[in-house]
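Student: Build me a structure from this.
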Amino acid sequence: MNLSTRRQFLRQLGLSAAALPFLPSLPSMASAAPGAKNQRIIFLFTPNGTIPPEFWPDEVGPDFKLKRILAPLEPYKSRLMTLKGVCNKIRGDGDGHMRGISCLLTADELLPGNIQGGSDKPAGWARNISIDQEIRNFLQARPETATRFGSLELGVAVPNRADPWTRKAYAGSNQPLAPISDPYALFEKLYGSVKDRENLGSVLDEVHDDLRRISAHVDPEERALLEQHASFVRDLEKDLQSAGTQNLIFPPPALQPGVSLDNDGIPKISEMQIDLLVSAFANGMARVASLQYTNSVGQARMRWLDIHEDHHGLSHEPDNNAAAQEKLVKINIWLCEQLVQLVKKLDAIPEPGGSGTLLDNTTIVWTNELGKGNSHSLDDIPFVLVGGGLGFKTGQSLRFENVAHNRLWLSIAHAFGHHIPTFGLQELSAGGPLALS
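Tutor: Predicted structure coming up:
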């Protein structure tokens, strides 16, 4: 059978597109879907800069050593890259923290406004769409890559207020997106809708007939694979008869009840949000996500680390305050450990219908609003990429010469096949995508 796509195969048989997700990777269709890798991306944000001497590798290239902050990533060293010399060159209105987070993914200036920050330049929201939403829209516009939600915006202890210090994702100019910081609310969004179960039940009625018709046009070996998927559909129908969701492709995580959604609940909230994000990706609900820890000027008090000062306050201490520097290193190690938990859980789940694991098809971009907290520097923004979703050459430490982070977002967009010529401020895209492959 020489067909260009599985979707084309369905159209030729007069079948509904609802059958597509239930088709296995039949050999006769394998050559029909070139480049069908399920690329995914997660933007992970942590605040208040880093401690450069304990973060950046001294070496350039593949033979590099991880410093203390990145040491928890040692088991995944071959699957990560560090990017030093990538800078947020956006200026204009707003203070460094405001531009640090609201211009991070948008790569453009803030709109004029009346929100007064720590400078004499009040500002408003970002004037550009953020790169995560740019990629989301690109994927959602194509039937073969569209998902139920498109993107998910998650938070961990993000304050219940809306301002340029708390928002990094933007659907467009002047359109901030609020992350969901309540894991119980996120669970309800992902798995709790009875109406969605009813809608899915009506789709499955169509799928049953379609799979039977497909069976008449494939070889006996492939018919056996289809029968396995038909069994899956029957099991899913049984699940829909109850109010539970235990028999999804991958079951939703069991959340610990009664976790306090406050400062001291951060470790458990982080664990639950990571579990929900990985589960959503495994179940094909989205291919783009962001996970935001607190906010720019984040003031978490990490008492579980025996640190009682707030994170932002510590980040303003001078470099010669050795005790404060050590506490900041400890905080950033803990944040890196949260990344490691995300990486580990993605790597533990086989790619549905494909090869490798979710991590092999996902890239996580860990970043920050500042390069260094006590100077409010927007140079050398911490960028660590982990995973194989974009085909970049991992297992290396890279250094650039003061390049605009607009070019990094171009590299990521192009890796998805979205060949935009510029992103954000046009002049800062000069030079094109960074060479990461």
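
Student: what's in contact with stretch 180-195?
Tutor: The contact list for stretch 180-195, computed with Cβ atoms under 8 Å, 6 or more residues apart in numbering, reads 152-158, 160, 243, 245, 248, 252, 255, 259, 261, 269, 272-273, 276, 279-280, 285. Just so you know, the C-beta spots here come from the backbone N, C-alpha and C atoms, and that holds for glycine as well.

Student: Which positions within that stretch qualify as buried?
Tutor: Using 16 or more other Cβ atoms under 10 Å as the test for burial, stretch 180-195 gives 180-184, 186-187, 189-191.

Student: Then stretch 108-123?
Tutor: Residues 108-111, 113, 115, 117, 121-123 are the ones in stretch 108-123 that count as buried (16+ other Cβ under 10 Å).

Student: want to try TSV for those, with pLDDT as columns?
Tutor: Output for the buried residues of stretch 108-123, formatted as TSV (pLDDT from 0 to 100):
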residue	pLDDT
Asp108	98
Glu109	97
Leu110	97
Leu111	97
Gly113	95
Ile115	92
Gly117	86
Lys121	86
Pro122	93
Ala123	95
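
Student: which stretches of the stretch 1-150 of the chain have low pLDDT?
Tutor: Applying pLDDT under 70 to the stretch 1-150 of the chain flags the ranges 1-36.

Student: now do the stretch 301-437 of the chain
Tutor: Ranges of the stretch 301-437 of the chain meeting pLDDT under 70: none found.

Student: the strands in it, which residues?
Tutor: For the stretch 301-437 of the chain, the strands defined by DSSP state E, counting those that start in this stretch cover 362-368, 384-386, 396-404.

Student: wait, which of these is closest to His97?
Tutor: strand 362-368 (11.0 Å; Cβ to Cβ).

Student: CA atoms only for the closest one - export them in PDB, please.
Tutor: Taking Å, rounded to 0.1, in the frame of the first residue of the first chain, the C-alpha atoms of strand 362-368 are listed here in PDB:
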ATOM      1  CA  THR A 362      10.800  15.700  24.400                       C
ATOM      2  CA  THR A 363      13.100  18.700  25.000                       C
ATOM      3  CA  ILE A 364      13.000  20.500  28.300                       C
ATOM      4  CA  VAL A 365      14.400  24.100  28.400                       C
ATOM      5  CA  TRP A 366      15.300  25.100  31.900                       C
ATOM      6  CA  THR A 367      15.800  28.800  32.200                       C
ATOM      7  CA  ASN A 368      15.600  31.800  34.600                       C
END
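
Student: From Ile420, how far out is Leu254?
Tutor: One correction, residue 254 is Ala, not Leu. 41 Å (Cβ to Cβ, to the nearest Å).

Student: what do you get for Leu346?
Tutor: 27 Å.

Student: who's more crowded, those two?
Tutor: Leu346 (25 against 14; other Cβ atoms under 10 Å).

Student: Isn't that one up against Leu359?
Tutor: Yes - using Cβ atoms under 8 Å, Leu346 is in contact with Leu359, at 4.1 Å.

Student: joint contacts of these two?
Tutor: In contact with both Leu346 and Leu359: Gly387, using Cβ under 8 Å, 6+ apart.

Student: ok so, going back, now tabulate the buried residues of stretch 108-123 in TSV and tack on secondary structure and distance to Ile41.
Tutor: Formatted as TSV, the buried residues of stretch 108-123 follow (DSSP: H, G, I helix; E, B strand; the rest coil; distance: Cβ to Cβ, whole Å):
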residue	secondary structure	distance to Ile41
Asp108	coil	20
Glu109	coil	24
Leu110	strand	24
Leu111	coil	26
Gly113	coil	29
Ile115	strand	29
Gly117	coil	29
Lys121	coil	32
Pro122	coil	33
Ala123	strand	28
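
Student: For Ile135, state which of these is nearest.
Tutor: Asp108 (16.0 Å).

Student: where's Phe423 relative to Ala404, distance?
Tutor: From Phe423 over to Ala404 (counting by Cβ to Cβ), the distance is 10 Å.

Student: intersection of neighbour lists for the two?
Tutor: Common contact partners of Phe423 and Ala404 (Cβ under 8 Å, 6+ apart): 107, 429.

Student: quick one: which of those two has more around it?
Tutor: Set side by side, Phe423 and Ala404 show more neighbours around Phe423, with 28 against 23, by other Cβ under 10 Å.

Student: What's the local residue count around the residue lying closest to the more buried one once chain neighbours are set aside?
Tutor: Among residues not flanking Phe423 along the chain, Trp409 sits closest, at 4.8 Å (Cβ to Cβ, 6 or more residues apart in numbering). Look at Trp409: counted by other Cβ under 10 Å, it has 27 neighbours.

Student: Next up, the contacts around Trp409.
Tutor: Each residue near Trp409 by Cβ under 8 Å, 6+ apart is listed here: 105, 107, 131, 134, 423-424.

Student: all strands for the stretch 151-300 of the chain, in order.
Tutor: 170-172, 175-176, 286-293.

Student: For Leu398, find the nearest of those.
Tutor: Nearest to Leu398, of all the strands of the stretch 151-300 of the chain, is strand 286-293, at 23.0 Å by Cβ to Cβ.

Student: From the contact counts, what lies against that closest one?
Tutor: Judged by 3 or more Cβ pairs under 8 Å, 6 or more residues apart in numbering; DSSP states H and E, strand 286-293 is in contact with strand 40-46, helix 131-140, strand 150-156, helix 266-282, helix 322-347.

Student: switch the cut-off to 7 Å
Tutor: Strand 286-293 is packed against strand 40-46, helix 131-140, strand 150-156, helix 266-282, with contacts defined by 3 or more Cβ pairs under 7 Å, 6 or more residues apart in numbering; DSSP states H and E.
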